[in-house]
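*Asks:* Below are the sequence and a predicted model for it; my questions follow.
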Amino acid sequence: MSASHIKVPAAGQKIIPGQPIPNNPIIPFIEGDGIGIDITPVMIKVIDAAVDKAYDGQKKIHWMEVYAGEKSTKLYGPDEWLPKETFDALKEYSVSIKGPMTTPVGGGIRSLNVALRQELDLYQCVRPVQYFQGVPSPLKQPELVNMVIFRENTEDIYAGIEWAAQSEAAKKVIKFLQDEMGVKKIRFPETSGIGIKPVSIEGTQRLVRAAIKYAIENDRKSLTIVHKGNIMKFTEGLFRDVAYKLAQEEFGAELIDGGPWCKFKNPNTGREIIVKDAIADAFLQQILLRPAEYDVIACCNLNGDYISDALAAQVGGIGIAPGANISDQYACFEATHGTAPKYAGQDKVNPGSLILSAEMMLRHLGWKEAADLVIHSMEAAIADKIVTYDFARLMDGATEVSCSAFGDAMIARM
Ligand SMILES: NC(=O)C1=CN([C@@H]2O[C@H](COP(=O)(O)OP(=O)(O)OC[C@H]3O[C@@H](n4cnc5c(N)ncnc54)[C@H](OP(=O)(O)O)[C@@H]3O)[C@@H](O)[C@H]2O)C=CC1
Ligand SMILES: O=C(O)CCC(=O)C(=O)O
Ligand SMILES: [Mg+2]
């Protein structure tokens with residue numbers, strides 16, 4: 001067994017699900033690879049300042065570093081990408097935040113990000129996409145973009161069940177498909193890699209249920225089920241059908257003009273919530289041309305990955321796109337973007353995405369006042385045109401500042 005490297009902060013208290021949030025919670029964080037080294041300390045500094053200011057020193061997060069990715073291999077040993085004590089800490093302390101982690105393309109290790117989501121069963125990937133006044137955008141009316149993506153986070157082709165072309169395993173699977181399943185459509189069976197796309201009724205139900213509850217609690221006007229069910233009938237098509245059925249059976253939605261669209265009244269506000277669907281390719285053009293028509297989005301894992309970055313681009317890019325991975329017990333907050341390796345260690349990139357992920361975390365803890373301060377100070381810095389390179393290159397008259405200076409500009413405006 002490898003040595004322990006996690007130092008538990010002496011003064012903090014554990015968050016225990018179902019119990020009130022202590023004033024001094026211990027929050028584990030993973031610094032992350034690549035630009036993790038730049039954005040994570042800035043996020044911590046900004047969040048500490050917001051909490052201190054909002055609660056006059058009465059509340060304080062006790063950050064506890066836990067290790068994954070490249071940093072972990074240096075501490076624990078060359079093959080220790082996700083040590084057991086990291087998993088254990090993320091579970092034990094229940095609310096955490098992480099920087100991005102590298103996944104090599106083609107070969108090498110499988111995604112540590114995906115492994116974490118699977119191991120903790122963080123089945124909801126929640127990514128709000130909203131416009132901040134003054135942010136550069138390719139849209140004429142970016143203020144019309146206000147969506148929240150609920151991406152299924154544990155299933156789909158993203159789960160990484162696949163076999164390399166020409167491997168014994170791929171040959172075996174292809175032979176099984178041909179001999180026992182009557183499959184005749186594999187165009188080049190000798191040289192095909194094979195991937196499996198599991199999409200389940202339970203997995204879809206729990207994700208869509210969470211999305212609809214969110215729509216109710218936040219008085220949103222519609223839920224759009226985004227899928228490619230015309231082509232992948234028994235996976236993406238299943239996702240669509242199960243989502244509609246759940247809206248009807250659990251939330252009392254009634255068909256509109258014979259369906260499949262349906263609607264129900266928000267029990268809290270009496271406002272109608274429309275449940276509709278869109279095929280993923282057409283959806284990607286609609287969100288550019290008619291963003292106001294979309295609100296809460298529910299989709300399978302891979303579609304959610306693509307939609308997240310595409311939508312982020314409409315309101316400033318992935319430098320400012322936050323996210324949360326949530327289960328019924330645990331929550332692990334993380335930016336939408338990756339490790340942007342060419343910028344690593346340059347104190348250059350936008351820390352906004354991770355800061356806004358932490359802002360979601362503050363709201364999750366019920367620390368609304370501190371979360372509001374984060375939003376207001378970011379809006380104020382952007383309004384003063386003090387921005388990192390990604391915004392500066394698209395804005396007239398902007399002052400380009402470093403990653404850490406942007407954090408300081410936020411703190412100065414709290
Ligand atoms: N959850 C996670 O941990 C994720 C991990 N990854 C991993 O990250 C690695 C790199 O992936 P890659 O495809 O390059 O995608 P990245 O998201 O890392 O970066 C793509 C581009 O997005 C822009 N960008 C990203 N982050 C920021 C930021 N904070 N501020 C400003 N601009 C930013 C940059 O654009 P520009 O060049 O125009 O300046 C960058 O080159 C891969 O190994 C991938 O698997 C990817 C996504 C999520
Ligand atoms: O795990 C990775 O490397 C990529 C993950 C990703 O792009 C995402 O979850 O949005
Ligand atoms: Mg992605």
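*Replies:* Done, it's in. Ligands and ions are numbered 1, 2, ... in the order given.
*Asks:* Only alpha carbons, please: show whichever helix or strand Leu75 is part of as PDB.
*Replies:* Per DSSP states H and E, Leu75 falls inside helix 70-76. Only the C-alpha atoms of helix 70-76 are listed here, as PDB (Å, rounded to 0.1, in the frame of the first residue of the first chain):
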ATOM      1  CA  GLU A  70       0.400  13.900 -13.200                       C
ATOM      2  CA  LYS A  71       1.000  15.300  -9.800                       C
ATOM      3  CA  SER A  72      -0.200  12.100  -8.200                       C
ATOM      4  CA  THR A  73       2.300  10.000 -10.200                       C
ATOM      5  CA  LYS A  74       5.100  12.100  -8.900                       C
ATOM      6  CA  LEU A  75       4.000  11.700  -5.300                       C
ATOM      7  CA  TYR A  76       2.600   8.100  -5.200                       C
END
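*Asks:* nearest spatial neighbour of Thr154, skipping sequence neighbours?
*Replies:* Distance criterion Cβ to Cβ, 6 or more residues apart in numbering; nearest residue to Thr154, sequence neighbours excluded, is Tyr123 at 5.0 Å. C-beta here means a position set from N, CA and C on the backbone, and glycine is covered the same way.
*Asks:* give me the number of residues near that neighbour?
*Replies:* Residues near Tyr123, counting by other Cβ atoms under 10 Å, number 23.
*Asks:* per-residue confidence for it?
*Replies:* In the predicted model, Tyr123 carries a pLDDT score of 98.
*Asks:* Equivalent analysis for Ala54, please.
*Replies:* Confidence per residue is given as pLDDT, and for Ala54 that number is 98.
*Asks:* and after the one helix or strand it maps to, which helix or strand comes next?
*Replies:* Under DSSP H and E, the secondary-structure element containing Ala54 is helix 36-55. On the C-terminal side of helix 36-55, the nearest following helix or strand under DSSP H and E is strand 62-65.
*Asks:* sec struct for the residue in the stretch 251-400 of the chain positioned nearest to ligand 1, please.
*Replies:* The shortest separation between the stretch 251-400 of the chain and ligand 1 is 2.2 Å, found at Gly338 (distances taken as Cβ to the nearest ligand atom). Following DSSP: H, G, I helix; E, B strand; the rest coil, we place Gly338 in the coil state.
*Asks:* And for the helix or strand that the helix holding Leu75 is followed by, what's in contact with it?
*Replies:* Towards the C-terminus, the helix or strand next in line after helix 70-76, according to DSSP H and E, is helix 84-93. Residues from elsewhere that reach helix 84-93 (Cβ atoms under 8 Å, 6 or more residues apart in numbering): 4-6, 14-15, 26-28, 30, 64, 66-68, 72, 96, 116, 119-120, 329-330, 332.
*Asks:* same thing but 10 Å
*Replies:* Outside of helix 84-93, the residues within contact range by Cβ atoms under 10 Å, 6 or more residues apart in numbering are 1-6, 8, 12-16, 25-28, 30, 64-69, 72, 76, 80, 82-83, 96, 98, 112, 115-116, 119-120, 122, 329-332.
*Asks:* In helices, which of these fall?
*Replies:* 72, 76, 112, 115-116, 119 (DSSP state H).
*Asks:* Now that we have those, which of them are buried?
*Replies:* For those, a neighbour count by 16 or more other Cβ atoms under 10 Å gives the buried set as 72, 76, 112, 115-116.
*Asks:* ok, the residue in the stretch 151-300 of the chain that ligand 1 sits nearest to - contacts?
*Replies:* Nearest residue of the stretch 151-300 of the chain to ligand 1 (Cβ to the nearest ligand atom) works out as Asn153 at 11.0 Å. Applying Cβ under 10 Å, 6+ apart, we find Asn153 in contact with 113-114, 116-118, 120-126, 203, 207, 300-301, 304-305, 323, 325-327.
*Asks:* near ligand 2, which of those show up?
*Replies:* For ligand 2, the contacts drawn from the contacts of Asn153 by Cβ under 6 Å from any ligand atom are 113-114, 305.
*Asks:* Next, format the residues you listed as TSV and append neighbour count and pLDDT.
*Replies:* Supplementary listing: the ones next to ligand 2 among the contacts of Asn153 in TSV, determined by neighbours: other Cβ atoms under 10 Å; pLDDT from 0 to 100:
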residue	neighbour count	pLDDT
Asn113	23	97
Val114	17	96
Asp305	19	98
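*Asks:* could you pick out which of those residues are near ligand 1?
*Replies:* Intersecting those with the contacts of ligand 1 gives Asn113 (criterion: Cβ under 6 Å from any ligand atom).
*Asks:* Going by distance to Arg413, which of the ones next to ligand 2 among the contacts of Asn153 wins?
*Replies:* For Arg413, the nearest member of the ones next to ligand 2 among the contacts of Asn153 is Asn113. The distance, counting by Cβ to Cβ, is 31.8 Å.
*Asks:* To what extent is the residue nearest to the closest one when sequence neighbours are not counted buried, counted in neighbours?
*Replies:* Once flanking residues are discounted, Asn113 sits nearest to Met101: 5.5 Å by Cβ to Cβ, 6+ apart. Met101 sits with 28 neighbouring residues when counted by other Cβ under 10 Å.
*Asks:* Look at stretch 191-200 and report the distance between its end residues.
*Replies:* Between the opening and closing residues of stretch 191-200 lies a distance of 29 Å (Cα to Cα, to the nearest Å).
*Asks:* scratch that, stretch 4-17
*Replies:* From the first residue to the last, stretch 4-17 extends over 25 Å; the measure is Cα to Cα.
*Asks:* got it, and stretch 18-33?
*Replies:* Stretch 18-33 stretches 33 Å from its first residue to its last (Cα to Cα).
*Asks:* mean confidence for that stretch?
*Replies:* Along stretch 18-33, the predicted confidence averages to a pLDDT of 97.
*Asks:* Buried residues, it. List them.
*Replies:* Within stretch 18-33, the residues that count as buried by 16+ other Cβ under 10 Å are 25-33.
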